[in-house]
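K.L.:
sequence first, then the predicted structure:
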Amino acid sequence: MTLQTQLSKIPVTIITGFLGAGKTTLIRYVLENAKGRRLALIVNEFGDIGVDGEILRSCGIDNCPDENIIELANGCICCTVADDFIPAIEKLLALPNRPDHIIVETSGLALPKPLVKAFDWPPIRSRLTVDGVVTVVDGAAVAAGRFADDPEALLAQREEDVSIDHDNPLEEVFEDQLLCADLVIVNKADLINNEQLKEVCEQITAVVPRAVRIVETHEGKVANEILLGLSAAAEDDLVNRPSHHDAEEGHDHDDFDSFALPVPTIADIPAFLARLESIAAEHDVLRIKGFLDVANKPMRLLVQGVGTRFRHHFDTIWPKDTPRAGHLVFIGEKGLSRAALETELARSL
């Protein structure tokens with residue numbers, strides 16, 4: 001491929017990272033600092049109801065209007081490339097003002113390699129190139145051992161049953177996202193100390209088989225000059241991006257469950273969030289996010305939970321054409337009980 005051919009393609013940055021790592025916050029910072037560059041977004045979520053797309057639409061950035069934001073919910077883009085991703089790309093390329101750069105935010109459970117492979121398909125290869133795969137890591141979650149098994153507990157399980165063939169689905173997804181990266185962003189670095197941060201970076205380096213830049217930050221504040229313009233052409237470098245799932249014909253997410261639950265109007269924000277923390281701890285919920293209606297408040301409340309860590313703020317006035325109906329998305333490992341969480345929520349109100 002000649003340099004001229006490569007430069008004529010629209011660059012695409014794939015933003016991946018586990019549930020709650022801070023991908024959407026990072027992208028919002030990119031949009032707010034576009035500096036005249038026309039951007040387009042494809043946002044994918046694991047579950048029926050999209051939250052991240054709504055967050056990004058509320059930015060009101062001129063260089064990324066609503067028609068440049070395509071949301072793919074109820075699935076995972078790494079599994080629905082032909083049905084969802086390629087039509088989304090076609091739609092963006094048909095815009096009167098074609099984007100200068102496209103950003104794809106994968107779901108927190110997506111494997112990035114199948115998506116990168118899609119850029120080798122003839123309908124895409126001649127027009128787009130993967131400028132880089134950026135993996136966002138929740139530094140605090142890694143430091144807390146969220147993606148690693150307790151060796152002593154695992155040994156005890158195997159002593160009781162030698163037939164146990166243990167796989168950790170969280171660890172596999174986390175490692176696959178790192179193995180495909182051209183750049184790793186350790187987000188939420190402000191939540192851990194320097195020694196923990198050093199250990200997190202060492203863990204990342206131990207997983208990634210090649211030299212990859214690691215950038216530490218908080219609130220997703222990374223300059224566009226660092227994120228965009230990597231010129232990795234990742235579609236031509238698949239051999240150096242191993243995956244736990246390379247030998248498989250396909251990939252599914254049977255290890256995880258997701259569902260959205262309606263939430264009536266709440267009155268006491270601190271009390272409700274305290275209850276959510278208890279629910280997350282008791283049921284080992286990986287991710288809770290959504291919008292809530294608060295009594296006597298014109299704005300909707302955005303709630304973001306990663307494990308038992310929660311943040312919230314009023315993000316925008318409820319749209320006039322949208323009912324003030326609160327809902328929360330719950331994501332957890334297989335077996336997460338919808339009925340149990342519905343009961344817990346009812347007790348919280």
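P.N.:
Perfect, I can see it now. Residues are numbered from 1 along each chain as shown.
K.L.:
let me know the secondary structure of the spatially most central residue of the chain.
P.N.:
Closest residue to the average C-alpha location of the chain: G108 at 3.7 Å, with Cα atoms, centre = their mean. For G108, the assignment made with DSSP: H, G, I helix; E, B strand; the rest coil gives coil.
K.L.:
so how far is N33 from N224?
P.N.:
6 Å (Cβ to Cβ, to the nearest Å). The C-beta positions use only the backbone N, C-alpha and C, and glycine is treated the same way.
K.L.:
more neighbours, the two?
P.N.:
Neighbour count, other Cβ atoms under 10 Å: between N224 and N33, N224 has more, with 18 against 15.
K.L.:
got the contact list for the more buried one?
P.N.:
V30, N33, A34, K35, R37 (Cβ atoms under 8 Å, 6 or more residues apart in numbering).
K.L.:
got it, and F174?
P.N.:
F174 touches F18, F147, counting by Cβ under 8 Å, 6+ apart.
K.L.:
mind giving me the PyMOL select for the contacts of N224, buried ones only?
P.N.:
Burial among the contacts of N224 is assessed by 16 or more other Cβ atoms under 10 Å; the matching PyMOL selection reads:
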select buried, resi 30+34
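K.L.:
in CSV: the contacts of N224, plus pLDDT, secondary structure and distance to A140.
P.N.:
Below are the contacts of N224 laid out as CSV (pLDDT from 0 to 100; DSSP: H, G, I helix; E, B strand; the rest coil; distance: Cβ to Cβ, whole Å):
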residue, pLDDT, secondary structure, distance to A140
V30, 90, helix, 22
N33, 88, coil, 25
A34, 84, coil, 29
K35, 83, coil, 31
R37, 87, coil, 31
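K.L.:
quick one: which of the contacts of N224 is nearest V215?
P.N.:
V30 (13.5 Å; Cβ to Cβ).
K.L.:
excluding chain neighbours, what is closest to the closest one?
P.N.:
Leaving aside its sequence neighbours, V30 sits nearest to N224 (Cβ to Cβ, 6 or more residues apart in numbering; 5.8 Å).
K.L.:
before we move on, back to that, determine which two of the contacts of N224 are furthest apart.
P.N.:
Farthest-apart pair in the contacts of N224 is V30 and K35; separation 10.4 Å (Cβ to Cβ).
K.L.:
distance of A267 from I288?
P.N.:
According to Cβ to Cβ, A267 and I288 sit 19 Å apart.
K.L.:
picking up where we left off before, contacts only, for the residue nearest to the residue nearest to the centre of the chain when sequence neighbours are not counted.
P.N.:
Counting by Cβ to Cβ, 6+ apart, the nearest residue to G108 once its immediate chain neighbours are dropped is L19, at 3.3 Å. By Cβ under 8 Å, 6+ apart, L19 lies in contact with F46, G108, L109, L286, R287, V306, I331.
K.L.:
now swap in D257 and tell me
P.N.:
Neighbouring residues of D257 by Cβ under 8 Å, 6+ apart: I331, G332, E333, K334, G335, L336, R338.
K.L.:
what do you get for T308?
P.N.:
T308 touches E277, A280, A281, counting by Cβ under 8 Å, 6+ apart.
K.L.:
not counting residues beside it along the chain, what's closest to the last one?
P.N.:
When the adjacent residues along the chain are set aside, A281 lies closest to T308, with 5.1 Å between them (Cβ to Cβ, 6+ apart).
K.L.:
over to A223?
P.N.:
A223 sits nearest to N33 (Cβ to Cβ, 6+ apart), 7.3 Å away.
K.L.:
A267 too?
P.N.:
A295 (4.6 Å).
K.L.:
the one you found contacts I266, correct?
P.N.:
Yes: when contacts are counted by Cβ atoms under 8 Å, A295 is listed as touching I266 (7.0 Å).
K.L.:
quick one, which of these two is more surrounded?
P.N.:
Between A295 and I266, counted using other Cβ under 10 Å, I266 has the larger neighbour count: 19 against 10.
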